[in-house]
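Colleague: 3D model of this:
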Amino acid sequence: MDNNSNKIQKLSELIRDIPDYPKKGIVFKDITTLIKKGDAFEEVMNIFFDQCKDKSIDLVAAVESRGFIFGGALANRLKVGFIPVRKFGKLPADTVEQKYDLEYGTDRLEIHKDAVLPGQKVLIVDDLLATGGTIKAACKLVEKLGGEVAGILVMIELGFLNGRDKLKDYDLFTLIRYE
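Modeller: Numbering: from 1, shown residues only. I've put the predicted structure just below:
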């Protein structure tokens, strides 16, 4: 096992599984057990930073709410602005929205209309990639405003849900993948 694989294995061991949360049959991946350890959180941020430090990035957009943890820290480290991608009805100024499919029904995300200027390169960050609907909606929001998705960084990917398939047109990096 190389050094990077060893680091990723150690990080994955810090993620706690919560069975039957938020509903029966789902195993929730709890990142709070990882981010409460400063050295582990720093290691995640180091890996994320290394993935994007050589890209031209104007802004980091992160999806509510756990994505904010990584997105805000990364934007600060890259010395660029941060855009919160929120659930519908949570932002105070004029917004643009994007619907996306859930397992049972639909939901909506939104960002402020003035969050992205045409031509700006935006990095999308989230904690988890499951079916891909949420992250794809975040990408569509950036594109509706004329921005370009410079890449996507995700801490955990649930590979068995095939969310990656919805994001095949984007540069996607996931740190920890569960099959």
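
Colleague: I would like the residues contacting the strand or helix carrying Lys10, please.
Modeller: Here Lys10 sits within helix 3-13, counting by DSSP states H and E. With contacts defined as Cβ atoms under 8 Å, 6 or more residues apart in numbering, helix 3-13 is touched by Met1, Leu34, Ala40, Glu43, Val44, Ile47, Leu175, Ile176. Every residue, glycine included, has its C-beta placed from N, CA and C.

Colleague: Then stretch 89-97?
Modeller: Contacts for stretch 89-97 (Cβ under 8 Å, 6+ apart): 64, 84, 88, 108-114, 141, 144-145.

Colleague: What's the local residue count around the closest residue to Lys166 other than its chain neighbours?
Modeller: Among residues not flanking Lys166 along the chain, Gly132 sits closest, at 3.4 Å (Cβ to Cβ, 6 or more residues apart in numbering). Gly132 is flanked by 23 other residues according to other Cβ atoms under 10 Å.

Colleague: now Gly132: how far from Glu157?
Modeller: 10 Å (Cβ to Cβ, to the nearest Å).

Colleague: just Val149 next, same as before
Modeller: 17 Å.

Colleague: again, but for Glu42
Modeller: On the measure of Cβ to Cβ, Glu42 and Glu157 end up 21 Å apart.

Colleague: Which of those two has more residues huddled nearby?
Modeller: It is Glu157, of Glu42 and Glu157, that has more neighbours when counted by other Cβ under 10 Å, with 21 against 11.

Colleague: Contact partners for the nearest residue to that one once chain neighbours are set aside?
Modeller: In space, Glu157 comes closest to Thr174 once its chain neighbours are excluded; the distance is 3.8 Å by Cβ to Cβ, 6+ apart. Taking Cβ under 8 Å, 6+ apart, we find Thr174 in contact with Leu129, Leu153, Val154, Met155, Ile156, Glu157, Arg164.

Colleague: ok, these vs Lys53, which is closest?
Modeller: Leu153 (11.7 Å; Cβ to Cβ).

Colleague: and the closest one, what are its bridge partners?
Modeller: Val125, Phe173 (DSSP bridges).

Colleague: what about it, neighbour count?
Modeller: 25.

Colleague: Check what pLDDT it gets.
Modeller: Looking at Leu153, its pLDDT stands at 98.

Colleague: I'd assumed Gln51 was in contact with it.
Modeller: Yes. With contact defined as Cβ atoms under 8 Å, Leu153 counts as touching Gln51 (6.0 Å).

Colleague: Looking at this structure, which helix is longest?
Modeller: In terms of residue count, the longest helix belonging to the chain (DSSP state H) is helix 38-52.
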